[in-house]
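Enquirer: Kindly generate the corresponding structure for this input.
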Amino acid sequence: MQSDSCHEHPAEIFRRVIAVTPSPGGRTQFHGRQQRVHRFVHDDTMTHPGEFMNNTRFVARAALTIVAVSTLGACATKGFVRRGLDEQRVALTQERGERVAGDSASRAELGVLRTDLAALKSDLGTLRTEFGTRITAMEGMVSFAMPVHFDFDAANVRQQDEAALAKFAQVAQSHYKGATITVEGFADPAGSAAYNKRLSQNRADAVREYLVSKGIDGSIVRSIGYGKTRLVRPGAEGDAPGAELNRRVVFVIESPVETTVAALSMR
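Expert: Got it, this is the predicted structure:
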């Protein structure tokens, strides 16, 4: 429990010390409180009664000054502790508020992530079910084998394939914004390797131009022709069954695959 003296002004404490007066019999009066002062000087050294009174007064004031200083020091220490506790309470309250705000922000971000995953799942599902797209997640990239094909010895985008390309453009802009997209073109085995290399490059370029016309930044879309390699139906060319499957394009998006895999795994 805090002493009453801690509520006194320092000047008042010292005023009371100075007010100490010696009384007969070696006792001093301190505002009604009796303090015994021991005689530290032997009687043989006392040659005059005044010396005893002066020594007694000196000892009493010295002792009471020490008590006053100690009291003031204790009060200062208690005040410091109180200020420290108040500052700690303020810091804890602020930290609690920041933690609550952080938790709310995390919940909001989690809600947004779930919404984005659900939207990606829906769009990927549309590419799969409505357009027959084969989606494969590989290390650092996602492959979209689109059902976009070409007539024999032609490189123009067919009208019946525009809907699939438009959907792919929408998915890329919504969920893979800023990611590099590579359009890979292929040809059937009819003709020379050099000719088919040029033909497949022209097909990839035509599809790239179509994607750019749908709003995708041209600086992130690349095109490359692979000729008559990686055939879906080996040996099928011209009007042979399955030859059209060799005349195709594949999209590769360079992006971390975790989001795509999570979306494809959602139920």
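
Enquirer: Show me the shaky parts of this protein.
Expert: Counting by pLDDT under 70, the chain has low-confidence residues at 1-81, 98, 100-113.

Enquirer: What segments of it are helices?
Expert: 10-18, 49-131, 162-175, 193-213, 243-246, 258-265 (DSSP state H).

Enquirer: Against which helices or strands is the fourth one packed?
Expert: What that stands for is helix 193-213. helix 162-175, strand 180-185, strand 221-225, strand 248-254 (3 or more C-beta pairs under 8 Å, 6 or more residues apart in numbering; DSSP states H and E). Where C-beta positions appear, they are placed from N, C-alpha and C, glycine not excepted.

Enquirer: mind giving me TSV with the ones you listed and columns for mean neighbour count?
Expert: Below are these laid out as TSV (neighbours: other C-beta atoms under 10 Å):
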stretch	mean neighbour count
helix 162-175	18
strand 180-185	21
strand 221-225	18
strand 248-254	20
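
Enquirer: out of the ones you listed, which comes closest to residue 235?
Expert: Proximity to residue 235, assessed across these by C-beta to C-beta, is greatest for strand 248-254 (15.9 Å).

Enquirer: Neighbouring strands - and their directions - for that closest one?
Expert: strand 141-149 (antiparallel), strand 180-185 (antiparallel) (DSSP bridges).

Enquirer: Just send the ones you listed back as TSV, with distance to residue 126 too.
Expert: Formatted as TSV, these follow (distance: least, C-beta to C-beta, whole Å):
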stretch	distance to residue 126
strand 141-149	12
strand 180-185	18
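
Enquirer: Report the buried residues of stretch 256-267.
Expert: If you call a residue buried by 16 or more other C-beta atoms under 10 Å, then stretch 256-267 has these buried ones: 257, 259, 260, 263, 264.

Enquirer: no wait, stretch 198-206
Expert: 199, 200, 201, 202, 203, 204, 205, 206.

Enquirer: Kindly indicate which of those lies nearest residue 176.
Expert: Taking the buried residues of stretch 198-206 together and measuring to residue 176 by C-beta to C-beta, the closest member is residue 204, at 18.4 Å.

Enquirer: give me the number of residues near the closest residue to residue 251 other than its chain neighbours?
Expert: Closest residue to residue 251 apart from its sequence neighbours, by C-beta to C-beta, 6 or more residues apart in numbering: residue 144 at 4.2 Å. Around residue 144 there are 23 other residues, counting by other C-beta atoms under 10 Å.

Enquirer: show me the contacts for residue 144.
Expert: 127, 133, 134, 135, 168, 250, 251, 252, 253 (C-beta atoms under 8 Å, 6 or more residues apart in numbering).

Enquirer: Which residues are in contact with the nearest residue to the first one once chain neighbours are set aside?
Expert: Looking back up the chat, that one is residue 127. Once flanking residues are discounted, residue 127 sits nearest to residue 133: 4.0 Å by C-beta to C-beta, 6+ apart. Neighbouring residues of residue 133 by C-beta under 8 Å, 6+ apart: 127, 144, 145, 146, 147, 164, 168.

Enquirer: any idea how far residue 236 is from the last one?
Expert: For residue 168, the distance to residue 236 equals 25 Å [C-beta to C-beta, to the nearest Å].

Enquirer: Please apply the same query to the third one.
Expert: Taken as C-beta to C-beta, the spacing of residue 145 relative to residue 236 amounts to 17 Å.
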